[in-house]
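S.K.: Next one to model:
(one chain, ligands or ions: 1)
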Amino acid sequence: MTRNTNHKILDCTIRDGGLVNNWDFSVKMVQDMYAGLSEAGVEYMEIGYKNSAKLLKGADAGPWRFLNEDFLKEVIHTKTDTKLSALVDIGRVDENDILPREQSQLDLIRVATYIKDVDKALELVRKFNSYGYETSVNIMALSHVMENELTEAFEEINKSPVDVVYIVDSYGSMDYSDIDYLAAKFQRLLPEKKLGLHMHNNMQLAFSNTIMGASKGVEFLDASVFGMGRAAGNCPTELLVSHLKNPRYEVRPVLDLIEKHMIPMREKVEWGYIVPYMIAGVLNEHPRAAMALRASSDKDKYVEFYDKLTSPEAMPTNHHSD
Ligand SMILES: C[C@H](O)CC(=O)C(=O)O
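M.R.: Numbering: from 1, shown residues only. Have a look, this model is predicted:
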């Protein structure tokens with residue numbers, strides 16, 4: 001049981017779940033999500049990506065991938081206590097698309113970055129901060145990052161106005177001891193910054209890792225309803241809301257969202273703990289090969305997949321948050 005009432009849950013179902021269904025969520029579903037998460041007491045809802053369609057040539061996806069302020073105002077007529085966030089990728093966001101915060105429905109802009117691009121992420125952070133937004137840098141694929149790279153990045157982060165720095169387990173390969181170690185390291189070297197955690201469930205550890213971080217004082221906790229997110233998905237919001245024992249949280253509205261929207265969605269698209277994602281997590285690999293396997297007729301050929309991934313062939317590196 002974790003009784004720290006400073007925790008903030010950030011539900012990223014629409015953003016990370018969009019990586020599963022190409023952001024094909026109806027307006028009604030997103031409105032229900034906002035109402036349900038608000039009723040549940042969830043502090044932030046990530047309503048999509050604020051990347052630019054112009055910079056992602058040929059990308060064909062639902063509107064939650066390229067959030068537009070006019071559209072957002074039509075979807076969310078009245079804001080509640082639940083703040084709205086959007087994620088941007090370096091090189092995919094057009095800074096001219098970002099309005100000053102007082103003209104926007106968004107409260108928080110999160111910048112996804114690999115360690116080598118932290119300086120570019122912080123440039124964006126400075127701009128968004130000057131527009132009045134809360135900001136975060138989400139350092140992806142941390143399980144591949146060297147200690148010295150992290151230490152150098154922290155020097156820059158400390159000089160920046162960023163509010164929250166995220167530990168991101170993009171490959172779902174971390175366990176409680178990694179979280180224990182990283183939370184302590186981030187707290188020691190980033191004393192002025194709030195911390196966040198974004199976990200993937202490849203090894204069925206997303207919830208346990210998240211509550212480990214919570215018990216260490218990590219404030220921002222990412223989760224998604226029914227765990228919907230890329231590949232193995234994320235820490236389930238319903239578990240976190242139930243576990244944190246904050247009187248502000250109420251699980252019933254989240255159960256309602258699951259019943260109404262996530263069960264039918266799970267009939268159409270796949271996410272969650274599945275052996276190929278487990279294999280990718282155990283091997284500390286990006287899940288793209290496992291995702292391709294699940295989309296093929298060989299989807300359950302686990303041994304062949306394992307043999308392929310453990311052969312000396314190199315895997316290409318992805319430089320964006322998908
Ligand atoms: C920045 C986000 O937290 C990106 C993400 O979902 C990832 O797993 O990486």
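
S.K.: Do I have it right that Ala289 meets Leu283?
M.R.: No - the criterion here is Cβ atoms under 8 Å, and Ala289 misses it with Leu283 at 9.8 Å. No exception for glycine: its C-beta is placed from N, CA and C like everyone else's.

S.K.: So for the two, which residues contact both of them?
M.R.: Leu309 (Cβ atoms under 8 Å, 6 or more residues apart in numbering).

S.K.: Residues of the chain that sit close to the ligand?
M.R.: By Cβ under 6 Å from any ligand atom, the residues of the chain that approach the ligand are Asp16, Leu87, Ala112, Asn138, Met140, Val168, Ser170, His198, His200, Ser321.

S.K.: contact partners of the helix or strand hosting the third one?
M.R.: Looking back up the chat, that one is Ala112. Using DSSP states H and E, Ala112 falls within strand 108-113. Residues from elsewhere that reach strand 108-113, judged by Cβ under 8 Å, 6+ apart: 44, 46, 50, 83-90, 98, 120-121, 124-125, 128, 133-140, 164, 166, 168, 320-321.

S.K.: Report the contact partners of Ser208.
M.R.: Ser208 neighbours (Cβ under 8 Å, 6+ apart): Asp175, Tyr176.

S.K.: thinking again about what came up before, for the residues of the chain next to the ligand, work out which two are farthest apart.
M.R.: Leu87 and His200 (14.9 Å; Cβ to Cβ).

S.K.: The two: which is more packed in?
M.R.: His200 (29 against 23; other Cβ atoms under 10 Å).

S.K.: pLDDT value on that one, please?
M.R.: pLDDT for His200: 98.

S.K.: Test my guess that it contacts Ser224.
M.R.: No - His200 lies out of contact with Ser224 (Cβ under 8 Å); the separation is 10.3 Å.

S.K.: Now for these two: what residues contact both?
M.R.: Between them, His200 and Ser224 share the contacting residues Gly233, Asn234, judged by Cβ under 8 Å, 6+ apart.
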